[in-house]
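A.B. asks: What follows is a predicted structure for the sequence shown.
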Amino acid sequence: MIEIDELYCTRGNSGQTFTIHVPHLRINAGELVAVTGVSGSGKSTLLEILGLILPPQTGVMRLNLAQTNIDITRLWLDDPAKLDTLRMRHLGFVLQTGGLLPFLSAKDNILLPKQLIEQDATWSQDLQNLADILEIRDLLEKKPRQLSIGERQRVAIARALAHSPPLLLADEPTSALDPMRAEEVMRLFVDLIRSQQRTAIIVTHDYPWIGRLDMREVRATLETGGKIACFR
Amino acid sequence: MPASVNRKAGTSNKLIGVLAAKDLWHDWRTTGVLLCVVVSIVTPLLILLGLKQGVINTQRQLLLNDPCNLEIKMQGNGYNLPPSWFEDKTKDPRIQFIIPITRFLTNDISIRDSQNNTESVDLIATAEGDPLLKMARLEAPADDQEVIITHSLAQRLHLQANGKLNTVLSRDHGKEQASATLKIKAILPEYGCLQRSAVLTRLSFLLAVEDYKQGLNIALFRPQDKEAESKVPAAEENPEKRVPSMLRRDQYEDGLLSCQKTFTPNFSEYRVFIDYQGEHHKQMPFYDPMRPFDGDKMESADTPKPEPVVNKRASYARARIFAKTLDDVPQLADELRSGKEGMEIISKVYEIEKIRQLDRFLNILLMVVSLIGMVGGGFALGGNFLLSIDGKRGQIAQMRLLGLSKQHIGIFLGIQGTLITSCAFIVITILALISQWIAEQYGKEILGAMIETGITEIRIFHLAGFDYLLAYLVTLMFTGLVIVVATRQANKIHPGEQLREL
């Protein structure tokens, strides 16, 4: 699904720059990948590149979506507006504290990605089942500010999965939860991804789960005095 | 490239609109502040415009409602205005009414009251279409026996509509007098420039008065003293010799040929029929040489029935002229002054110019206030909008992360701007209507006296639907500029901010 070769991306000013380097990365469809590393090691930057919101400066990045191999590096140069459409249709995001739109109810937040793609999207049985699995059925009419952090994360997971994207990107989805609740939410998330045969890349600090949840790990290693993070 | 990449996202503007509205509703405090900014900028400007238009329109209305302001008065004792001059003026689209009148010296008549006192009043020629009559919704006198009198005359002599008006004419330094009893058809309300005693008559009556004063005997006027009546030549006398001596030849285009016999069934119905050269046997009811008319002969086949035709003159001394609009008055007055006649003209140009100057001054004032309001308000609105966008960075980043393009964000903010402006305009319209109501309450007190003078539409505040629409569109345009700046700012927000800040 994802092919990356010799990808470099530098951020910051001339005095204080930070570069991430991905020499070679292959992620297959249905694979569950945990991106790990110390704080400030560029995990979120890598997620931005994979999420099509940050262009790589050099290297090759390809995405295999809808049985078509897309040269993302090329697309950034030729028609970056199409990346918005790709993101809308094929990607789902789960953020640290949900990232829900505060002016929509939980139900409307979940339904929104579907509505953005299909004009006539309605609350389907699949979405109802998803809400049941995530135990958010009673929370659907509430606004995000009325939900606890754990509840928001579960709504965010439902939203990320609502339009059945082939690739899910999650940035420390359980970091704001207590350990008990965190493992519960993560297990729920992983189970859903597996049951729906999606590909997922999850940035996380919770190393013990990587093994427990049978995830493949891609680790960031700081090089050149911490100025370059290499992902292998 | 998958089809889904090339296919346009199904995101509809309707969905963006729903999101924009829900966001405004959810963040009602910020929405309220933005709404207040728009209301506080536009409402005072709109009220100022309403007041400006109200005051100016009322002033114009005051000028317009007194039809005398449209009149271009000829001074001097008389000009030599041929019928062709009147025909030309009738065709002028700037002139709504024109009628010949006689010299100053001959356009008055004495009125005798119930105590047998007489007083001299002005005679004013009138006809259908006279603005003085139109404004008062009165019809012109149907014949020479009917007159319309001014409010001032009616009040002083206690005269009423449908009553009698006893008139007295004198000539030869008062040695000879004649009288006529006329019917008062109506009483003309008092206008600013016609507060004096005056009688409005048909032109033919006015000409008859002039002719009487010049020595002609007129059927309409009954000689006062018997001696004068006895001096009237007998029917057998040759009228052809007498009549030409009474009528000036230049008063008739074709010249007088002969005068036929008269008859006297009723003195007031005396008629003389005059044949004109080139119009053989065409007869006109005219002056009375006080001869008995042979009624049988009149009815005979040889003598056709007379047609009531207004006396013709080769020229007239003056004219009553009314311009169509106030704006036409200065130009027409200038043209008459500078024409070959070099007329001495009096008009309300000065008053009209004063209103125009006030209008211009208020326009400049409004423009300056609008400019200050718009610039200051623009910064306030822009600043508030940008602050609100800054407060929603995470939200905008999240929307971008979900796949909404920069264009979508522009539409989102554009719809929000339109909704805020539209809601603000509902408030603005209500406030403007309240202001209008207050202004009208006070205005009626202030201008109460004007209402009594017959002016029906007193307005201190006036805004038409078009003004509201225009103000709405200008505000929308202005909000649009703010939205363009805000969209540029919003599109600098990177979707990645959502990943990093939370």
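C.D. replies: Arrived safely.

A.B. asks: alpha carbons only for contacts and neighbour counts from here, please
C.D. replies: Fine.

A.B. asks: Confirm A:A158 sits in a helix?
C.D. replies: Yes: according to DSSP: H, G, I helix; E, B strand; the rest coil, the state of A:A158 is that of a helix.

A.B. asks: burial count for it?
C.D. replies: Using other CA atoms under 10 Å in any protein chain shown, A:A158 has 27 other residues around it.

A.B. asks: Hmm, it is touching A:A131, no?
C.D. replies: Yes: with the criterion set as CA atoms under 8 Å, A:A158 and A:A131 qualify as a contacting pair; they are 6.8 Å apart.

A.B. asks: now the strands for chain B?
C.D. replies: Using DSSP state E, the strands found in chain B span residues B:71-74, B:95-101, B:108-112, B:118-126, B:146-150, B:164-171, B:176-188, B:198-202, B:222-223, B:256-259, B:274-276, B:318-323, B:345-346.

A.B. asks: any weak-confidence spans in the stretch 201-350 of chain B?
C.D. replies: Where the stretch 201-350 of chain B drops to pLDDT under 70, the residues are B:217-218, B:224-312, B:341.

A.B. asks: For chain A, what is the nearest residue in it?
C.D. replies: For the stretch 201-350 of chain B, the nearest residue to chain A under the criterion CA to the nearest CA is B:D327, separated by 58.3 Å.

A.B. asks: Let me know the pLDDT of the residue nearest the centre of chain A.
C.D. replies: Centre of chain A computed as the mean C-alpha position; nearest residue by CA atoms, centre = their mean is A:L169, 1.1 Å away. The per-residue pLDDT reported for A:L169 equals 93.

A.B. asks: right, is the helix or strand it falls within up against chain B?
C.D. replies: With elements delineated by DSSP states H and E, A:L169 resides in strand A:167-171, which encompasses its position. Yes: part of strand A:167-171 sits near chain B under the criterion CA under 8 Å from any CA of the partner chain, namely A:D171.

A.B. asks: buried ones in the helix or strand that that strand is followed by?
C.D. replies: For strand A:167-171, the succeeding helix or strand toward the C-terminus, using DSSP H and E, is helix A:179-195. When neighbours are counted by 16 or more other CA atoms under 10 Å in any protein chain shown, the buried residues of helix A:179-195 are found to be A:A182, A:V185, A:M186, A:L188, A:F189, A:V190, A:L192, A:I193.

A.B. asks: and the closest residue to chain B within chain A, how many residues sit next to it?
C.D. replies: In chain A, the residue found nearest to chain B is A:M88; the distance is 4.1 Å by CA to the nearest CA. Around A:M88 sit 26 other residues, with neighbours defined as other CA under 10 Å.

A.B. asks: Skip the chain neighbours and tell me the closest residue to the residue of the stretch 201-350 of chain B closest to chain A.
C.D. replies: Closest residue to B:D327 in three dimensions, ignoring its sequence neighbours and counting by CA to CA, 6 or more residues apart in numbering or on different chains: B:I352, at 7.9 Å.

A.B. asks: thought that neighbour was touching B:L326?
C.D. replies: Yes: using CA under 8 Å as the test, B:I352 is close enough to B:L326 to be in contact (7.0 Å).

A.B. asks: Can you give the distance from the worst-scoring helix or strand of chain A on mean pLDDT to the centre of its chain?
C.D. replies: Comparing helices and strands within chain A by mean pLDDT, DSSP states H and E singles out helix A:207-212 as the least confident, with a mean of 80. Between the mean C-alpha location of helix A:207-212 and the chain-wide mean there is a distance of 18 Å, by CA atoms, centre = their mean, to the nearest Å.

A.B. asks: And the contacts of that helix?
C.D. replies: Under the contact criterion CA atoms under 8 Å, 6 or more residues apart in numbering or on different chains, helix A:207-212 has outside partners A:A34, A:T36, A:E183, A:R216, A:E217.

A.B. asks: Now that we have the residues you listed, which of them are buried?
C.D. replies: Neighbour-count burial (16+ other CA under 10 Å) is assigned, among those, to A:A34, A:T36, A:E217.

A.B. asks: In terms of helices and strands, where is the closest residue to the second one other than its chain neighbours?
C.D. replies: Nearest non-adjacent residue to A:T36, counting by CA to CA, 6+ apart: A:R219, 4.8 Å away. Taking DSSP H and E as the criterion, the element that holds A:R219 is strand A:216-223.

A.B. asks: Tabulate the CA atom coordinates of that strand in CSV.
C.D. replies: Provided in CSV are the C-alpha atoms of strand A:216-223 (Å, rounded to 0.1, in the frame of the first residue of the first chain):
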residue,chain,number,x,y,z
ARG,A,216,4.8,-4.1,13.3
GLU,A,217,7.1,-1.4,14.7
VAL,A,218,8.9,1.3,12.7
ARG,A,219,11.2,3.1,15.1
ALA,A,220,12.8,6.6,14.8
THR,A,221,16.5,6.8,15.6
LEU,A,222,18.1,10.1,16.2
GLU,A,223,21.4,10.7,14.3
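
A.B. asks: so how far is A:L116 from the residue in chain B that chain A sits nearest to?
C.D. replies: Chain B approaches chain A most closely through B:G403 (4.1 Å), counting by CA to the nearest CA. Using CA to CA, to the nearest Å, we find B:G403 at a distance of 8 Å from A:L116.

A.B. asks: Can you pull the phi/psi pair for B:D130?
C.D. replies: Dihedral pair for B:D130: phi -60, psi 120, per degrees, to the nearest 10.

A.B. asks: Surely it and B:F97 touch.
C.D. replies: Yes: when contacts are counted by CA under 8 Å, B:D130 is listed as touching B:F97 (6.2 Å).

A.B. asks: for the closest residue to B:R196 other than its chain neighbours, what are its contacts?
C.D. replies: In space, B:R196 comes closest to B:S152 once its chain neighbours are excluded; the distance is 5.9 Å by CA to CA, 6+ apart. Residues counted as contacts of B:S152 (CA under 8 Å, 6+ apart) are B:E190, B:Q195, B:R196, B:S197.

A.B. asks: Mind putting the residues you listed into CSV with distance to B:I430 and pLDDT?
C.D. replies: Listed next are the contacts of B:S152 as CSV, based on distance: CA to CA, whole Å; pLDDT from 0 to 100:
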residue, distance to B:I430, pLDDT
B:E190, 39, 80
B:Q195, 43, 80
B:R196, 47, 84
B:S197, 49, 88
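
A.B. asks: burial of the residue nearest to B:Q96 when sequence neighbours are not counted, as a residue count?
C.D. replies: Once flanking residues are discounted, B:Q96 sits nearest to B:K324: 4.7 Å by CA to CA, 6+ apart. A count of neighbours around B:K324, defined by other CA under 10 Å, yields 17.

A.B. asks: try B:Q155
C.D. replies: Counted with other CA under 10 Å, residues neighbouring B:Q155 total 12.

A.B. asks: now swap in B:Y442 and tell me
C.D. replies: By the other CA under 10 Å criterion, the neighbourhood of B:Y442 contains 13 residues.

A.B. asks: Can you give me every residue that contacts it?
C.D. replies: Counted by CA under 8 Å, 6+ apart, B:Y442 has zero contacts.

A.B. asks: Just checking: what are the partner strands of whatever helix or strand comes next after the strand holding A:R219?
C.D. replies: Toward the C-terminus, strand A:216-223 is succeeded by strand A:228-231 as the next helix or strand (DSSP H and E). When sheet partners are counted by DSSP bridges, strand A:228-231 sits next to strand A:17-27 (parallel), strand A:216-223 (antiparallel).

A.B. asks: What lies in contact with strand A:228-231?
C.D. replies: Residues from elsewhere that reach strand A:228-231, judged by CA under 8 Å, 6+ apart: A:18-23, A:41-42, A:218-223.
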